[in-house]
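Peer 1: Below are the sequence and a predicted model for it; my questions follow.
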2 protein chains.
Amino acid sequence: MTKKPKLETVASEAGVSVATVSQVMRGTGRISEKTRKKVLRIAQKLNYVKDGRAASMRSGENKEIGLAIHHISNPFNAEVISGASDLLEDEGYLLSTLDARDNATRQRRQLEAFIRSSRGGLIWVPAQGTPTSTYDLLQTHGLPAVTFLRRPDVGLLDHVGIEDSDATAVATNYLVSLGHRHIAFLGGIASVAPRSERIAGYRSALIESGIKDSIVWDTEDNRHAGMDAMFELNKAHPEVTAVVCNGDMVALGASLAILQLDRVPGRDISVIGFDDIEEAAISMPRLTTMAVCPYQLGRKLARVMLDRIQDPGLPKTVTLVPATLKIRESTGTLKAYNT
Amino acid sequence: MTKKPKLETVASEAGVSVATVSQVMRGTGRISEKTRKKVLRIAQKLNYVKDGRAASMRSGENKEIGLAIHHISNPFNAEVISGASDLLEDEGYLLSTLDARDNATRQRRQLEAFIRSSRGGLIWVPAQGTPTSTYDLLQTHGLPAVTFLRRPDVGLLDHVGIEDSDATAVATNYLVSLGHRHIAFLGGIASVAPRSERIAGYRSALIESGIKDSIVWDTEDNRHAGMDAMFELNKAHPEVTAVVCNGDMVALGASLAILQLDRVPGRDISVIGFDDIEEAAISMPRLTTMAVCPYQLGRKLARVMLDRIQDPGLPKTVTLVPATLKIRESTGTLKAYNT
DNA sequence: ATCAATTGCTATAACGTTATACCATGGGTT
DNA sequence: AACCCATGGTATAACGTTATAGCAATTGAT
């Protein structure tokens, strides 16, 4: 294996200076067509790839941007990543993903590594219990950052999220319109955004309809936990005939629990999800949900990130995308015997 | 926002030289306890984080390693990532993930970016149709690399995979032992490893049992595609009473299709998966599958990567982990009227 | 023939680390 | 006093790029 080629290697082989080679590689400066061709040919022959560390150090540019999120396996998140990645790649950036599994300490370490390598930007969902010192860290190092889904109290960063409160209110109102009176909110742990806002939407819808009973039940946002939680919820509150879920994965888990209790989602107990992941349209029964288009959300995220990189002086922006009710079979009118 | 602090900033504040600060930060050299404490205190105060680009450039070390995979949203892959990430973090490395969505061109671009930034190492699943030039690229630049799941023909890299052929034979034999005679293989596209090996295992098991009928049906490896494919398969080959799937996601999709045909997986048609993702244990019906522990697989992968980094001269290794049959409800004996 | 402008290229100083070599100083031993 | 040898530091040259300034030629206008 020959030594890794650098500018100098190419330059001496081509009989020109490193400056010339550098300019050829970047397509800048005034270079005759003849030497340009020659340098390119030799660079290709030697398999030359520039050292991005040196380049980025000198030029201050870095086309690698990071995305730090909890639970990449969540299909919603995965689609967001696809959307962001597609748009960024079109602009010559590279998106790499970190999964902190919602652990603030782990996330801190990961963000430090990002700062260490002076990444071009960061899109992130703050992990649960993120201390303000982490926001400070980003601030002092001037890393262009956009938060996603969870909006921190310190509003120093750009943010892209969902109209959580409105959407959850719409979902709740829909269940009320079907005749349900005992409606629970299921999913999420602690009161991190956006869960707290969703609960607010849920509560305000109930109050508007003159329903006093409000039941909020904690779970981690995955299928298994959602299933277990639904069992518990049903045991503790058998009167509940409808649940608004904090995400489709929880809703799918809840549906599973209902089926295992020999009831049918949408007939005996109504379930409404949030996200509209691909599986929602093919599950049994098919899931009624508050749909947001995660792919488009990802693109929006990338757009905000690019704008921030291009002009760090811009005022901070907050973008909230709406969610729309998608009615399928997991919801239905309240049966007579349940009233 | 203050300027980004560097060694010099810390040094002048502490009244020492940059060399001293550098040594303190790395815990090398001879430094008195007194100045050590002082420097550390000031570095902390200034939120100093070293520039990894400069450090890595000078020292030749890089503690960032990359994982390039198709479809991070696949729960199996996600668990592998967790396992690898945990072990690597313990050793002070950072793992970031790239999703090429099984596109060779996209993957090529991503790997080039990795070489540009001289990452410490690469764990990857070669995308479908990866040209040999991509392997060459890794070779010429000496990037320590480990392939995963899909073993390239050019055996120049370390590899960690699954005993695909054996496992699929075990699955097929189990179905035969339940009385099934018309068994199909469902999932995967084209003949990339490990699918071709799985098909080999499936075929050899059939031949051993004296069954001539072998049906291989293509699908992308996700739930939706699996469902659609099962519909088609059933239409084309209504005689099939059992399917061996190329992954749990396909198997879950197939189960869904069977249910929608008003049949029951495990009673009318047997379904057997591969991977044993978390959902397999809670789906309806619960999925019989060839279980591998993806988390442990991830750790193994990280271990191989670290060994390779530590000693690039080591002979290349190939590790194949076994899969074990986990019997649940999606498989059952052949009913009389089906023979 | 003179001056100005353009073309094509090069020399060189950064960027922020780390590795190496080196230099004081202050004991202990003879 | 002369020596050795720790101890606790510092100065400085890399690492591989890019940005800037500048220098010969060549061309074109007068």
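Peer 2: Perfect, thanks for sending it.
Peer 1: Now do the same for the closest residue to chain B within the stretch 101-250 of chain A: its pLDDT.
Peer 2: Residue of the stretch 101-250 of chain A nearest chain B, by Cβ to the nearest Cβ: A:Arg116 (3.6 Å). Glycine gets a C-beta too; all of them are placed from N, C-alpha and C. Confidence at A:Arg116, expressed as pLDDT, is 90.
Peer 1: Following the chain past the worst-scoring helix or strand of chain A on mean pLDDT, name the next helix or strand.
Peer 2: The weakest-scoring helix or strand in chain A, judged by mean pLDDT, DSSP states H and E, is helix A:132-141 (a mean of 88). Note on helix A:132-141: by DSSP states H and E, the next helix or strand toward the C-terminus is strand A:145-148.
Peer 1: quick one: that following strand near chain B?
Peer 2: No: using Cβ under 8 Å from any Cβ of the partner chain, strand A:145-148 stays clear of chain B, coming no nearer than 12.8 Å.
Peer 1: The closest residue to DNA strand D within the stretch 151-300 of chain A: how many residues sit nearby?
Peer 2: Of all residues in the stretch 151-300 of chain A, A:Asp158 sits closest to DNA strand D, at 25.5 Å by Cβ to the nearest atom of the strand. Per other Cβ atoms under 10 Å in any protein chain shown, the neighbour tally for A:Asp158 reads 22.
Peer 1: Am I right that it is in contact with A:Thr317?
Peer 2: Yes: between A:Asp158 and A:Thr317 there is a contact under Cβ atoms under 8 Å: 5.2 Å.
Peer 1: Close to chain B: what parts of the stretch 151-300 of chain A are there?
Peer 2: The stretch 151-300 of chain A comes close to chain B at residues A:223-224, A:227, A:253, A:256, A:259-260, A:278-279, A:282-284, as judged by Cβ under 8 Å from any Cβ.
Peer 1: what's the farthest-apart pair in those?
Peer 2: Greatest spatial distance among these (Cβ to Cβ): A:Gln260 and A:Glu278, at 23.5 Å.
Peer 1: the more surrounded of those two?
Peer 2: A:Glu278 (17 against 13).
Peer 1: next one: phi and psi at that one?
Peer 2: Note on A:Glu278: backbone dihedrals following degrees, to the nearest 10 are phi -60, psi -40.
Peer 1: does chain B sit close to the strand or helix carrying A:Ser12?
Peer 2: Using DSSP H and E, A:Ser12 falls within helix A:7-14. No: for helix A:7-14, no contact with chain B is found by Cβ under 8 Å from any Cβ; the gap never falls below 12.6 Å.
Peer 1: and the next element down the chain from that helix?
Peer 2: helix A:18-26.
Peer 1: just to revisit the earlier point, what residues are shared contacts of A:Asp158 and A:Thr317?
Peer 2: Overlap of the contact sets of A:Asp158 and A:Thr317 (by Cβ atoms under 8 Å, 6 or more residues apart in numbering or on different chains) consists of A:Val304.
Peer 1: quick one on the thing from earlier: tell me the contacts of the residue of the stretch 101-250 of chain A closest to chain B?
Peer 2: Residues in contact with A:Arg116 (Cβ under 8 Å, 6+ apart) are B:49-52, B:55.
Peer 1: Hmm, A:Ala254 is touching A:Ala242, no?
Peer 2: No: A:Ala254 lies out of contact with A:Ala242 (Cβ under 8 Å); the separation is 10.7 Å.
Peer 1: Please say which of the two ends up with more neighbours.
Peer 2: Shown here are A:Ala254 and A:Ala242; by other Cβ under 10 Å, A:Ala254 has more neighbours (33 against 24).
Peer 1: Just to be sure, the more buried one is in a helix?
Peer 2: Yes: counting by DSSP: H, G, I helix; E, B strand; the rest coil, A:Ala254 is part of a helix.
Peer 1: From DNA strand C, how far out is it?
Peer 2: A:Ala254 sits at a distance of 50 Å from DNA strand C (criterion: Cβ to the nearest atom of the strand, to the nearest Å).
Peer 1: Stretch A:181-188 spans what distance, first to last residue?
Peer 2: End-to-end distance for stretch A:181-188: 22 Å, by Cα to Cα, to the nearest Å.
Peer 1: who touches that stretch?
Peer 2: For stretch A:181-188, the external contacting residues (Cβ under 8 Å, 6+ apart) are A:168, A:172, A:175-176, A:195, A:198-199, A:202, A:206, A:211, A:213-219, A:221, A:226, A:229-230, A:233, A:237, A:239-247, A:250-251, A:254, A:334, A:339.
Peer 1: avg pLDDT for that stretch?
Peer 2: The pLDDT scores in stretch A:181-188 average 95.
Peer 1: now that stretch, how far from the chain's geometric center?
Peer 2: 24 Å (Cα atoms, centre = their mean, to the nearest Å).
Peer 1: swap in stretch A:208-216?
Peer 2: Centre-to-centre, stretch A:208-216 and its host chain are 30 Å apart (Cα atoms, centre = their mean).
Peer 1: Could you report the neighbour count for A:Arg109?
Peer 2: Neighbour number of A:Arg109 under other Cβ under 10 Å is 16.
Peer 1: How about the secondary structure of it?
Peer 2: Put simply, A:Arg109 is helix when judged by three-state DSSP.
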